[in-house]
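**Q** Below are the sequence and a predicted model; questions follow.
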Amino acid sequence: MGADRWACCLVEGQPNRRPNGRSVIDRKLPVAPWFPWIGITKMSPLRNRIVTPSASSATGNRCERRPLTRKLVWSLRMRVVLLPFAVSPCPELLGQEAAKAEAELSVYDRIWSYADWYHNQENPVIQRFQFTGRFQLDYSLINSDQGDEDEVNIRRFRAGARARLFENFTLHGEADLNPQEPEPAFRRLTHMYLAWSRTDELIVTLGKHSAPFTLSGSTSSRELITIDRGNLAHNIWFRNEYFPGMSVSGKPGDWRYFAGTYSAGAQDRLFGEFNGGVFFLGTVGYDFATQLNSEQALLAVNYVYQEPDSDSDWTPALQHVSSLNFRYDTGKWGFRADVSGGIGCFDQSNLWGAELLPFYNITDQLQVVVRCSYVRSDGDNGVRLALYENTIVEDPGDDYNEIYLGLNYFLYGHKLKVQTGVQYSHMRDRANDGGEYSGWAWTTGLRIFW
């Protein structure tokens, strides 16, 4: 007999029986694991009556209707009243689940949460307020034909704040500080901008912010997989990185775009003098990750045009810059590649270079990376050495080669990591006026951002 052909009932003093002999009132359904078992009784459409199999019927297909006792009606009504509580979690369980979620947070999650000072999506004025910054500490050791050097250097130390306002606006300010020297303790203002966006497809930014182009130049120093940017970016990219201007950018689907106009006048520690030329930056990219079955396969083209102006000392003397770069990541291994060139103006000769960075993730936390770099100028003295090499030889050359081998250990992703790398580099100097360099360097450092 199907379940729809019998009904649970209780005749006063005698429980009815299903064909298997079990009392139908014993049929219980577990509604929630934290609530007592509750029996559900099937009711007849007739008011105050229950349907039971007829005792005179051999098949049980015929039914008779018996009046409910007052006691049974009260019992059924109480079960209906208690049912909502049976399907709702009790406060104690909610507290246990919250405690469990809190326990699952790592020590790093809890520490970094202190930088999130305010978060309330219901506030119509300010939805979030965060303390931002980064700290990067280096130890560098150089052994070269031109001399030796070792030093401990606070590579970057920045602090500021970011606020989400009126749901669609972001206000971000950040300063670069110099704790190693009392003067100047304040180096410069890096970020001071107001951005508007509703989705990732369109972001409008006004103020002092980054001008991203070339492979390393479009990668934040917080997320570099080498201890620092290579010499390609050091020569062709605009090393000051942050300029006053306006830009629009977005990520519609797999496409990427960026377009901006910036001031390149005489520099100071704030917004510059606005007395020089301007430069225009455009980027178009497409991520082929879906087609190549990878986590990332981003191909991008960058182009920069800069007005030649002798007062523009915030940027190198390059009138045209172009870069074709590619990022490929399978999750286990990948590589990055860049081919860039620039047309010089004034006394800067034309430049071009290439960079290749294969990497392999040994574990989720340990990564090995190799970088091969080449930069060349058409004329003499067109290529400069990178940061720490430049402490040995300040004069430029014309042909630069480098190979780098590094290890990265991620304690909390890019937010907390230790990086180390050994490199060999050689600079040729056709003019033979002090720009030649050949040597080894080892740099290790701590990288933190919040």
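**A** On my side now, so go ahead.
**Q** check contacts around N240.
**A** N240 makes contact with Q267, W314, T315, according to C-beta atoms under 8 Å, 6 or more residues apart in numbering. C-beta: built from backbone N, CA, C; applies to glycine.
**Q** For it, which three-state class applies?
**A** coil (DSSP: H, G, I helix; E, B strand; the rest coil).
**Q** Let's see the pLDDT reported for it.
**A** Looking at N240, its pLDDT reads 90.
**Q** and if you look at R49?
**A** 41.
**Q** Equivalent analysis for P358, please.
**A** At P358, pLDDT is 98.
**Q** Just to check, it is in contact with F335?
**A** Yes - counting by C-beta atoms under 8 Å, P358 touches F335, with 4.2 Å between them.
**Q** returning to what we had before: would you turn the contacts of N240 into CSV with neighbour count, pLDDT and secondary structure?
**A** Shown next, in CSV, are the contacts of N240 (neighbours: other C-beta atoms under 10 Å; pLDDT from 0 to 100; DSSP: H, G, I helix; E, B strand; the rest coil):
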residue, neighbour count, pLDDT, secondary structure
Q267, 18, 85, coil
W314, 23, 85, coil
T315, 24, 91, coil
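**Q** Would you format the residues you listed as CSV with distance to N178 included?
**A** Shown next, in CSV, are the contacts of N240 (distance: C-beta to C-beta, whole Å):
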residue, distance to N178
Q267, 16
W314, 19
T315, 22
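**Q** from those residues, which is closest to V368?
**A** Using C-beta to C-beta, T315 is the member of the contacts of N240 that sits closest to V368, with 34.6 Å.
**Q** Please name the residues that touch the closest one.
**A** Contacts of T315 by C-beta under 8 Å, 6+ apart are F238, N240, F243, A264, F279, Q306.
**Q** hmm, 10 Å instead?
**A** Neighbouring residues of T315 by C-beta atoms under 10 Å, 6 or more residues apart in numbering: 211, 237-240, 243, 262-265, 267, 276-277, 279, 304, 306, 309, 321.
**Q** Sitting in helices, which of the residues you listed do you find?
**A** Among the contacts of T315, no member is found in helices (DSSP state H).
**Q** Generate a PyMOL selection restricted to the buried entries among these.
**A** Command for PyMOL that selects the buried part of those, burial taken from 16 or more other C-beta atoms under 10 Å:
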select buried, resi 211+237+238+240+243+262+263+264+265+267+276+277+279+304+306+309+321
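**Q** Keep only those of the contacts of T315 that are in strands.
**A** F243, Y262, S263, F279, V304, Q306, V321 (DSSP state E).
**Q** Which residue is the nearest non-sequential neighbour of the first one?
**A** Leaving out its chain neighbours, the residue that sits closest to F243 by C-beta to C-beta, 6 or more residues apart in numbering is Y262, at 4.0 Å.
**Q** Which element, helix or strand, includes T283?
**A** Taking DSSP states H and E as the definition, T283 sits inside strand 278-287.
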